Every structure is written in structure tokens, then in C-alpha cells.
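Asks: Need the 3D shape of this:
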Amino acid sequence: MQSPNEIVASLVLLWAVIDPIGTLPVFISATQGREASERRRIAFVAASAAAGILLFFIVVGEVLLLAMGVPLLAFQIAGGLILFLFALTMIFGESKPEVEVKAARSVQDTAIFPLATPSIASPGAMMAVVLLTENSRHSLLEQSVTALLMLLVVGAAYLLMLGAGWISKVIGEGGASIVSRVMGLILASIAASNVLEGIKEYFQ
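Replies: Numbers count the residues shown, from 1 in each chain. From the prediction side, this is the model:
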């Protein structure tokens, strides 16, 4: 059985890789111009899909990746590239909400990408849950505790997305455009860091 310190350490790690707070700028940008009801639905679908993806990797991720011969670090590199491409759309994309509404994808599509993955269920989060539930090192009870901790963090991300609406109202459309571009630059930096770190670890 895991000690309290080990449980806290796992929770901190999951919070860092899932990063509920970091999901906010992505959510605000991806749902800009949408109705409140749509934003709530997108938040729910995104959180549910992310939880399902991470639960899938907890249950069969290790076995599946080993069977396919896919290194875990490959997910980190690929996810970093995808997040970088999305960050570019935040920086250079159209800033007018009406243009975004015309080109908006369905609620389901927006919830899955970029929110559920790679924002919440990021490659780093997938890799973390696989490592934290490694079959050779952790019992079924310990793996269940890790799954509950993951659901707790994803739940926090969901609650933060629900509260993102009032932030958009406070800063307005112009402020949302500025935030989108600034956070896009930050996301691009994070994505580039993930790719470089993945490449470094892979070749080591």
C-alpha cells in the first residue's frame, strides 16, 4: 500500500502533467464566441473524454504500447508537435469572434481537440499514468488509487473550465484576443520544450 507521502507525490505529478490551470487559456480560445450552454457542454465532454483516455492508458496502455513496440517518449514528442501547431493558430489566427463562429467546428470536435487531448490528456499525462501504474511495480489497489487521483485532477480541470465564462466577460473580446495570442506564445514554448525534452530522453 502506498504511503501518504507517495500518494501526495503522485497527486502533485498528475496535477503538473494534466495542468488544469493551463487548460483555461486553451478553453477560452477554443470556445470564444460560443454560447454559455455550449461552453458547459464542451467542458463536460472534454473532461469526460480526457478521463476515458487516461483510464484506457491506465488499464491497457502499458500492454498495448509494449505490444506495438512504441516508445512512451514518442507520445511526448508527437503531442508536443500537435500542441505547437495549435499554439500557432492561437497566435496567427483570426481575432474576430464572428469569424471564429463561422469557421467553428462542432461542439464534439472542439471538446475532443484541442481540449480533451492534447490539453488535458496530454502525452505527458498518458506517459505519467502508465508509469504510475506499471504492473510490475504497483498492486491493483495502488493502481486504483492512482486512477482516483487522476479523476480528481480532471474534475478540477472541469470545474475551472466551468468558471472560465466570467473571465471572458471581464476581459471582453479584445482582451480575449490578446490573452489568446500571449498564451499561444507560452503554449508554443511549452510544446517546443516537450519536444526537445522527449528527443533528448529518447536518444539517451
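Asks: mind showing which ranges of the chain have poor pLDDT?
Replies: Applying pLDDT under 70 to the chain flags the ranges 1, 72, 75, 93-105, 167-168, 171-177, 179-180, 183.
Asks: In it, spot the helix with the most residues.
Replies: Using DSSP state H, we find that the single longest helix of the chain is helix 164-203.
Asks: Check which helices and strands that helix is in contact with.
Replies: helix 20-30, helix 36-56, helix 72-92 (3 or more CB pairs under 8 Å, 6 or more residues apart in numbering; DSSP states H and E). Heads up, the C-betas are built off the backbone N, CA and C, glycines and all.
Asks: any idea of the angle the shortest one forms with helix 36-56?
Replies: Orientation check (axes from the mean of the first three to the mean of the last three CA atoms, to 10 degrees): helix 20-30 against helix 36-56 gives 130 degrees.
Asks: Report all helices and strands that helix 20-30 contacts.
Replies: helix 36-56, helix 140-162, helix 164-203.
Asks: likewise the last one?
Replies: Here helix 72-92 is seen to pack against helix 123-132, helix 164-203 when contacts are counted using 3+ CB pairs under 8 Å, 6+ apart.
Asks: 10 Å instead, please
Replies: With contacts taken as 3 or more CB pairs under 10 Å, 6 or more residues apart in numbering; DSSP states H and E, helix 72-92 sits against helix 20-30, helix 62-68, helix 123-132, helix 164-203.
Asks: center of this protein, which residue is that?
Replies: Ile120 (1.8 Å; CA atoms, centre = their mean).
Asks: tell me the contacts of the closest residue to that residue other than its chain neighbours?
Replies: Distance criterion CB to CB, 6 or more residues apart in numbering; nearest residue to Ile120, sequence neighbours excluded, is Ala50 at 3.7 Å. Listed by CB atoms under 10 Å, 6 or more residues apart in numbering, the contact set of Ala50 reads 18, 23, 111-112, 115-122, 125, 150, 153-154, 157-158.
Asks: burial measure for Pro4, as a count.
Replies: Using other CB atoms under 10 Å, Pro4 has 7 neighbouring residues.
Asks: Kindly provide the distance from it to Val145.
Replies: Taking CB to CB, to the nearest Å as the measure, Pro4 falls 11 Å from Val145.
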